[in-house]
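# take this sequence and fold it.
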Amino acid sequence: MKYIHSYRLREGNTLNDLELLTQILSVLKIKVSNKTSKIVLYVDTPTLEEYKKFGIEKLYDEVNTEVLDSFPAVEINMDEYWSSPKLWVMKHQEEPFCMLDVDLVLHNITDEVLERAKVSFLHTETPTHYAFPTTLNKPKAFKWTDWDVTSFVNSTPFNCAAISFTDIEFLKKYTDKYFRFVLNNPGGYVKELENFKSDFTHKFGAQITMEQWLLSSMIWQETHDEKGQILAGSWLPQSLTQAHMYPLNFKHQQHNVPGNLLMEEFNKQIFHLWGAKDFYDRAEKENETELFKTWDDLKEGIISANNEFIQLHGKDEYYDILEKVVEYCREVPKDTN
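So this is what the prediction gives:
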């Protein structure tokens, strides 16, 4: 199995310190769990130059700049469809792979788990905060069919912070449809349907709909007939937070299980920064002492975990990389210690 990290810095942005620490840990964890698998970093040339300041690229078996150097950013509304570079990398794959966000660590992932299914994803999500696809502006040549609408209504979105494909033919269908929608799309909502935008709709509702809900809807189409009946011999995707069959048979949004037990099971399987990468900026803006402390605890915890895994690998050059990233990390104000 080929494992992938992809990243493309937008102009004017800088690398996030917590994210860099987590990215190191993510690579080290894959190397421990899958000793013979290849780990590839996809970046554009400017982003690679930033990574080279720390030596991050040395963690990977291969670094590819060709794919993201060809990314058509000028043809995409990057404020709304900001995850498109990730989909562009997926579009260019010709063999089974697993792509992980750089701020995600999967604790128990193995090739054997991924090879069980044509598509694997991190977990299911409620569509409550998603934008319904027909409310989004689209290119003139793109049309939603009744069958498309039916498939969205009958599916729940898949979180794609970790996403794996062993069926490359289906992958091409999915990424082709995604880019037919986002290329030369002005973004925003259909004027006549703006009122259908819920107060609960996520600020990135367009992106998560076209990346995560589109995927599950297309799988529903692949596995059901026009009457909504499951096709004989059809296949099922798998959630990577269920793949290891933990006692609670964990499902995202399974509300009949106490929240603390849900998170306990969840944390056995993954570590994901999510919004924590922005805690420092929020703490600074809102003058939140406790948030500074939470950020600092996270930083120290990830550094400690990295040291443990570097010791397992026994490679001194990894310590050098970690040391440079630690030096890059921001310090919390002294009056919050």
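
# as a whole number, average confidence for stretch 110-129?
The average pLDDT for stretch 110-129 rounds to 91.

# mind checking the end-to-end distance for that stretch?
32 Å (CA to CA, to the nearest Å).

# what about the residue positioned nearest the centre of the chain, which helix or strand?
Residue closest to the average C-alpha location in the chain (CA atoms, centre = their mean): Ala161, at 2.3 Å. Taking DSSP states H and E as the criterion, Ala161 maps to strand 158-165.

# what's that strand packed up against?
strand 97-100, strand 104-106, strand 119-124, helix 214-223 (3 or more CB pairs under 8 Å, 6 or more residues apart in numbering; DSSP states H and E). C-beta here means a position set from N, CA and C on the backbone, and glycine is covered the same way.

# now those in CSV, with distance to Lys172 and mean neighbour count?
Below are those laid out as CSV (distance: least, CB to CB, whole Å; neighbours: other CB atoms under 10 Å):
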stretch, distance to Lys172, mean neighbour count
strand 97-100, 13, 24
strand 104-106, 25, 23
strand 119-124, 13, 22
helix 214-223, 11, 21
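
# tabulate these (JSON lines), appending distance to Arg8.
Shown next, in JSON lines, are those (distance: least, CB to CB, whole Å):
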{"stretch": "strand 97-100", "distance to Arg8": "14"}
{"stretch": "strand 104-106", "distance to Arg8": "17"}
{"stretch": "strand 119-124", "distance to Arg8": "21"}
{"stretch": "helix 214-223", "distance to Arg8": "21"}
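
# out of those, nearest to Asp297?
Between Asp297 and those, the tightest spacing by CB to CB is seen for strand 104-106, at 16.7 Å.

# helix or strand right after the closest one?
With DSSP H and E, the next secondary element past strand 104-106 is helix 111-114.

# for Ser84, which of the helices and strands packed on strand 158-165 is the nearest?
Going by CB to CB, the one of the helices and strands packed on strand 158-165 nearest Ser84 is helix 214-223, 12.7 Å.

# now do whatever helix or strand comes next after the closest one: distance to the chain's middle.
For helix 214-223, the following helix or strand on the C-terminal side (DSSP H and E) is strand 238-239. Mean-position distance between strand 238-239 and its chain equals 15 Å (CA atoms, centre = their mean, to the nearest Å).
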